[in-house]
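Peer 1: 3D, please:
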Amino acid sequence: MSKINDLSERHDIELVELLIGGSQEAFVELYARFRKRLMFFCKQYMRNDADAEDTVHDIFLQLWEKRHFLGEVSSFSGYLKSMAKNHIMKKFRHLDVHSRFAKYMLLNEIDSTNETESAIIDNDYSKLLDEFIENLPPKQKEVFRLSRINGLTYKKISELLHISIDTVQEHASLTLKKMKKHLRQHTDIYY
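Peer 2: Numbers count the residues shown, from 1 in each chain. This is a model prediction of the structure:
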């Protein structure tokens, strides 16, 4: 009978004692006995099998590294379960911190990107509008500025320019039609 077969007959406590002494065979036997149970336990909390598998491997790696401190463990399966809980909680805390930081960065990035993008678009539209106004015939330009920029009524504009209200309305209407056409041709804005 091989040494591994001999170990399969032993109790967990005996295997832990051998593990404390540095027995790799005892470690392999304990891994074989508890891997599936630990995987089942971890899968209840982890997103997928790969994460659960990684957790189990991490736990057994820790177990090997801390084997010298196992002498005071009364229940090996309970100890493994405790290690798994602690490992999973630590992982979740770590993910939570990263998640909150990522959300914070994403929100701030989106906000700053949107503000910057909006400022650029506003600036482009202002330039386009200024360009359009500059190319208007003189009377239409004057009516547009007094009406849309200075906020004067058509009656007030007719008094200032000494033209009829109908003429002011005609200039304003023609200007708005031209502006809509111009904006449709040069932007993604639809009027």
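Peer 1: Let me see the ranges of the helices in the protein.
Peer 2: 3-8, 12-20, 24-43, 49-65, 76-134, 138-144, 154-161, 165-186 (DSSP state H).
Peer 1: Look up how far E142 lies from the residue located most distally from the centre of the chain.
Peer 2: Here the chain reaches farthest from its C-alpha mean at H162, the gap being 60.9 Å by C-alpha atoms, centre = their mean. Distance from H162 to E142, counting by C-beta to C-beta, to the nearest Å: 12 Å. Just so you know, the C-beta spots here come from the backbone N, C-alpha and C atoms, and that holds for glycine as well.
Peer 1: repeat for E134
Peer 2: 12 Å.
Peer 1: quick one, which of the two is more surrounded?
Peer 2: E142 (17 against 8; other C-beta atoms under 10 Å).
Peer 1: Now for the nearest residue to that one once chain neighbours are set aside: which residues touch it?
Peer 2: Sequence neighbours aside, L161 is the residue nearest to E142 in space, at 6.7 Å (criterion: C-beta to C-beta, 6 or more residues apart in numbering). By C-beta atoms under 8 Å, 6 or more residues apart in numbering, the contact list for L161 reads 139, 142-143, 146, 168.
Peer 1: how's the protein carved up into domains?
Peer 2: For the chain, the structural domains run 3-99, 136-186, going by automatic domain parsing.
Peer 1: Can you say which of the ones you listed is nearest to I120?
Peer 2: domain 136-186 (15.4 Å; C-beta to C-beta).
Peer 1: So what's the model's average confidence on the closest one?
Peer 2: For domain 136-186, mean pLDDT is 85.
Peer 1: That domain: how far from the chain's middle?
Peer 2: Centroid separation for domain 136-186 versus its chain: 48 Å, with C-alpha atoms, centre = their mean, to the nearest Å.
Peer 1: what's the answer for stretch 41-54, then?
Peer 2: 23 Å.
Peer 1: And stretch 120-134, by the same measure?
Peer 2: On C-alpha atoms, centre = their mean, the centre of stretch 120-134 falls 34 Å from that of its chain.
Peer 1: follow-up on the earlier one: the residue farthest from the centre of the chain and H171, how far apart?
Peer 2: 14 Å.
Peer 1: I165 now?
Peer 2: I165 is 11 Å from H171, by C-beta to C-beta.
Peer 1: between these two, what contacts are shared?
Peer 2: Counting by C-beta under 8 Å, 6+ apart, I165 and H171 have no contacts in common.
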